[in-house]
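K.L.:
My questions concern the predicted model and sequence given below.
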Amino acid sequence: MLLPDLDTPEKLKNLTIPELEQLGQEIRQFLIEKLSKTGGHLASNLGVVELTLALHYVFHSPKDKFIWDVGHQSYVHKILTGRIGRFDTLRKYKGLAGFPKRSESIHDVWETGHSSTSLSAAMGMALARDLKKEKHKVVAVIGDGALTGGMAFEALNHIGHEGTSLITILNDNEMSIAPNVGAMHNYLGKLRTDHNYRKAKEELELLLKKIPAVGGKLAKTAEKIKDTLKYLLVSGILFEELGFTYLGPIDGHNINELLECLKQASQMEGPILVHVITKKGKGYAPAEEDSYAWHGASPYKIESGEMVKKSGPPSYPSVYANTMMRIAEQDQRVIAITPAMPGGSGLTKFAERYPERFFDVGIAEQHAVTMAAGMATQGIKPVCAIYSTFLQRAYDQVVHDVARQNLNVFFAIDRAGFVGEDGETHHGLYDIGFLRSQPNMVLMMPKDENEFQHMIYTSLQYNEGPIAVRYPRGNGLGVPMDPEFTLLPIGKSEIVRPGTEVAILALGTMVQVAEEAADLLRSEGIQPMIVNARFVKPLDRDLLLRLAKEKYHVITVEEAAVSGGFGSAVLEFYAEEGYHDMVVNPIGVGDVLIEQGSVIEQRIEAGLTPEKIAKHTMDLWPKKRQRA
Ligand SMILES: Cc1ncc(C[n+]2csc(CCOP(=O)(O)OP(=O)(O)O)c2C)c(N)n1
Ligand SMILES: CC(=O)[C@@H](O)[C@H](O)COP(=O)(O)O
Ligand SMILES: [Mg+2]
């Protein structure tokens, strides 16, 4: 076994090719075993075993800088940089992060999680190197999916323009999470299969060299023919035209080919793009056969490849999908848009049923939102299904293209709140802050999966402008699902428990937590009012005014950043209405970054528990009595 002794990448450099190949197999086996217990991004990491070995063999991390786009494929890098012993804690609370983390290792020079940032960061590091007159390599590893992200094109454009020396490794496995989409994907497909082109080009060049030296005109013609044919035949012409030296395509599982090509790249100046062809899931049959399912694997049985399925109530994406299907059946205007998350958003069935009304635009949230806005101007009813965290990528499009023009786009904002193992790069905590400030916007959150279906229905019946429903990752509460849809009155909340003295206005997932807090308080003879807030915008004015008139103290609770959140909206309301002595205690996620773990662990760290909410209520109670 070679793996146990490899605690620094420098030790790789003493290995022979066969030893590197053996090490690759050991790493593969290690990943398959460890992730069968922890789950994680198995397929992507199995696909980059040889590539990561070769990178650490040829270059000198951390002097040479490695930047991993999205970073979900950085487990092999973590194994080779001294963290092999921590893999039992992968994506666990206070354990090893599932993405690069600068606090974990000097070899992690850039943190990722959101896609398509690697080339911009690499450019920044390369320019800094040049300004400081340092000499080291900057290497970005970007997948074919991440390359569909707009930021990547912005960076390619600038890098090619500046001619800065940096190496882009394009890890092309034809997959995003789902099969990759887009014109760039199609272009890469041609390059992938261009071995014939390459052979023809070599034969052509040999032939042209055989033409005896000819004078003047004929020579120029010969050169012109060669350039034209080269244009047709040469690989990577798109990248070459953008100012990159294109190397490849090479077999990303062939150590010899990788070492030869990376050594060549390491000796070249200017922007280099190495096109590496890999197989997502390589080396584990179930993941090779279905790398889509094995992109984000749950714990599984190695022999059978059977994932441990979390049973339980319907998931929010499945309720979204079923409700969309039912409504789309009746309303031909309804279309669904996803930026590269068809599976996670639950849209697979919709896409099969209504292929002409489904658009996976690739990792392109900005394009998705503005395209939806364009559709809305033409009377189409676009539904943008975007995770809260990824919607951050399209903020100006929401502001400038949708809300400002008051266009009727429905945002289905999934993964709102804590998301668990993906950690702080993926939590959906900021959408309330950045949406409620927008004129014309309607924003709501359901307390459970049954109310969720009614909110989707209400949103699709709404024609007045932009409307958004934010909903959590995972399953509902297991409540009965009404057979018929209900149209919810916009801006109206629901009193779920009457009470006195203190009113707890809870949003979405926090309604259940607030009710559990009320149960704890009952033994103290304290019975606060529990409100299912439902709407962040517009607020339920009538209820808020009633609470003021009846001298309630108010607690708001939200699984979102408290700064700029629902509680802030309530505070602003009372200030604007002149209730300056109104006691409002907003509870939410403070100015903290809560790392990977379970959602429950994250809520505990944030103080979003029945016990804490009961304590907040108790704290207000005696003051309330004294005041009376
Ligand atoms: C801005 C953003 N949108 C969506 C995602 C979700 N996401 C994570 S990985 C991935 C696909 C990445 O494909 P690729 O870069 O080809 O990597 P591979 O898994 O194939 O190695 C997507 C869409 C993300 N991380 N960031
Ligand atoms: C790496 C990445 O961004 C995605 O794979 C993300 O982890 C998917 O999240 P869900 O598992 O919530 O769909
Ligand atoms: Mg890919």
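P.N.:
Noted; the coordinates are in hand. Numbering: from 1, shown residues only. Ligands and ions are numbered 1, 2, ... in the order given.

K.L.:
Bridged to Leu166, which residues?
P.N.:
Bridge pairing for Leu166 (DSSP bridges) gives the partners Pro271.

K.L.:
what's near enough to touch it?
P.N.:
For Leu166, the contact set (C-beta atoms under 8 Å, 6 or more residues apart in numbering) comprises 122-123, 125-126, 137-140, 159, 271-272. Heads up, the C-betas are built off the backbone N, CA and C, glycines and all.

K.L.:
ok, now Leu131?
P.N.:
Residues near Leu131 by C-beta under 8 Å, 6+ apart: none.

K.L.:
Show the contacting residues for the residue in the stretch 101-250 of the chain that ligand 2 sits nearest to.
P.N.:
Of all residues in the stretch 101-250 of the chain, Ile177 sits closest to ligand 2, at 5.8 Å by C-beta to the nearest ligand atom. Contacts for Ile177 (C-beta under 8 Å, 6+ apart) come out as 145, 292, 295-296, 340-341, 343-344.

K.L.:
of the contacts of Leu166, buried ones?
P.N.:
Buried by 16 or more other C-beta atoms under 10 Å: 122-123, 125-126, 137-140, 159, 271-272, out of the contacts of Leu166.

K.L.:
mind checking how far Thr8 is from His56?
P.N.:
9 Å (C-beta to C-beta, to the nearest Å).

K.L.:
what is in contact with the two at once?
P.N.:
Common neighbours of Thr8 and His56 (criterion: C-beta under 8 Å, 6+ apart): Thr81.

K.L.:
Give me the more crowded residue out of those two.
P.N.:
Each of Thr8 and His56 has its neighbours counted (other C-beta atoms under 10 Å); His56 has more, 24 against 13.

K.L.:
Among the contacts of Ile177, which one is most surrounded by other residues?
P.N.:
Gly145 (30 neighbours).

K.L.:
so which pair among the contacts of Leu166 is furthest apart in space?
P.N.:
Met125 and Ile272 (15.1 Å; C-beta to C-beta).

K.L.:
Around ligand 1, pick out the residues from the stretch 101-250 of the chain.
P.N.:
Residues of the stretch 101-250 of the chain found near ligand 1 (C-beta under 6 Å from any ligand atom) are 114-115, 143-146, 171, 173, 175-177.

K.L.:
From those residues, which land in helices?
P.N.:
Residues of these located in helices (DSSP state H): none.

K.L.:
What is the nearest of the residues you listed to Asp69?
P.N.:
Using C-beta to C-beta, those come closest to Asp69 at Ala146, 4.3 Å.

K.L.:
Quick check: the closest one touching Ile363?
P.N.:
Yes - with contact defined as C-beta atoms under 8 Å, Ala146 reaches Ile363; the gap is 6.3 Å.

K.L.:
quick one: common contacting residues for the two?
P.N.:
115-116.

K.L.:
what about the residue of the stretch 201-350 of the chain found nearest ligand 2, distance to Leu147?
P.N.:
Taking C-beta to the nearest ligand atom as the measure, the stretch 201-350 of the chain has Gly344 as its residue closest to ligand 2, at 3.3 Å. Distance of Gly344 to Leu147, computed by C-beta to C-beta: 20 Å.

K.L.:
His454 too?
P.N.:
From His454 to Leu147 the distance is 40 Å (C-beta to C-beta).

K.L.:
Please apply the same query to Thr168.
P.N.:
Noted for Thr168: a distance of 9 Å to Leu147, by C-beta to C-beta.

K.L.:
just to revisit the earlier point, confidence score at the residue of the stretch 101-250 of the chain closest to ligand 2?
P.N.:
pLDDT recorded at Ile177 is 94.

K.L.:
What of the one 10 residues further on?
P.N.:
Among the per-residue scores, Tyr187 shows a pLDDT of 85.

K.L.:
Pro18 now?
P.N.:
Predicted confidence (pLDDT) for Pro18: 97.

K.L.:
Next SSE downstream of the host helix or strand of it?
P.N.:
For Pro18, the element it lies in under DSSP states H and E is helix 17-38. Next along the chain after helix 17-38, taking DSSP H and E as the criterion, comes helix 42-46.

K.L.:
Mind exporting the C-alpha coordinates of that next one to PDB?
P.N.:
Below are the C-alpha coordinates for helix 42-46, written out as PDB (Å, rounded to 0.1, in the frame of the first residue of the first chain):
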ATOM      1  CA  LEU A  42     -18.400  10.500  -5.400                       C
ATOM      2  CA  ALA A  43     -18.600  10.400  -9.300                       C
ATOM      3  CA  SER A  44     -16.800  13.700  -9.800                       C
ATOM      4  CA  ASN A  45     -14.000  12.700  -7.500                       C
ATOM      5  CA  LEU A  46     -13.600   9.200  -9.100                       C
END
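
K.L.:
Against which helices or strands is it packed?
P.N.:
On a contact count with 3 or more C-beta pairs under 8 Å, 6 or more residues apart in numbering; DSSP states H and E, helix 42-46 meets helix 17-38, helix 285-289.

K.L.:
by contact count, what packs against the helix or strand hosting Val511?
P.N.:
Per DSSP H and E: Val511 is located in helix 510-522. Counting contacts by 3+ C-beta pairs under 8 Å, 6+ apart, helix 510-522 is packed against strand 494-497, strand 502-506, strand 529-532, strand 553-561, helix 610-627.

K.L.:
quick revisit: what touches both of Thr168 and Leu147?
P.N.:
Listed as contacting both Thr168 and Leu147 by C-beta under 8 Å, 6+ apart is no residue at all.

K.L.:
Spell out which parts of the chain neighbour ligand 2.
P.N.:
70, 72, 177, 295-296, 344, 415, 419, 422, 473.

K.L.:
Run through the residues that contact Gln22.
P.N.:
Contacts of Gln22 (C-beta under 8 Å, 6+ apart): Leu2.

K.L.:
now swap in Tyr462 and tell me
P.N.:
Counting by C-beta under 8 Å, 6+ apart, Tyr462 has contacts 408, 410, 442, 490.

K.L.:
how about the most centrally placed residue in the chain, what does it touch?
P.N.:
Centroid check for the chain by C-alpha atoms, centre = their mean gives His114 as the closest residue, at 5.0 Å. By C-beta under 8 Å, 6+ apart, the contact set of His114 is 70, 389-390, 392-393, 425.

K.L.:
and what of Val469?
P.N.:
So Val469 contacts 410-413, 443-446, 452, 455-456, 459 (C-beta under 8 Å, 6+ apart).

K.L.:
Same list (the residues you listed) but as JSON lines, adding neighbour count and distance to Ala372.
P.N.:
Output for those, formatted as JSON lines (neighbours: other C-beta atoms under 10 Å; distance: C-beta to C-beta, whole Å):
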{"residue": "Phe410", "neighbour count": "23", "distance to Ala372": "9"}
{"residue": "Phe411", "neighbour count": "28", "distance to Ala372": "9"}
{"residue": "Ala412", "neighbour count": "28", "distance to Ala372": "11"}
{"residue": "Ile413", "neighbour count": "23", "distance to Ala372": "13"}
{"residue": "Leu443", "neighbour count": "22", "distance to Ala372": "16"}
{"residue": "Met444", "neighbour count": "26", "distance to Ala372": "18"}
{"residue": "Met445", "neighbour count": "32", "distance to Ala372": "21"}
{"residue": "Pro446", "neighbour count": "26", "distance to Ala372": "22"}
{"residue": "Phe452", "neighbour count": "25", "distance to Ala372": "21"}
{"residue": "Met455", "neighbour count": "25", "distance to Ala372": "18"}
{"residue": "Ile456", "neighbour count": "24", "distance to Ala372": "16"}
{"residue": "Ser459", "neighbour count": "24", "distance to Ala372": "13"}
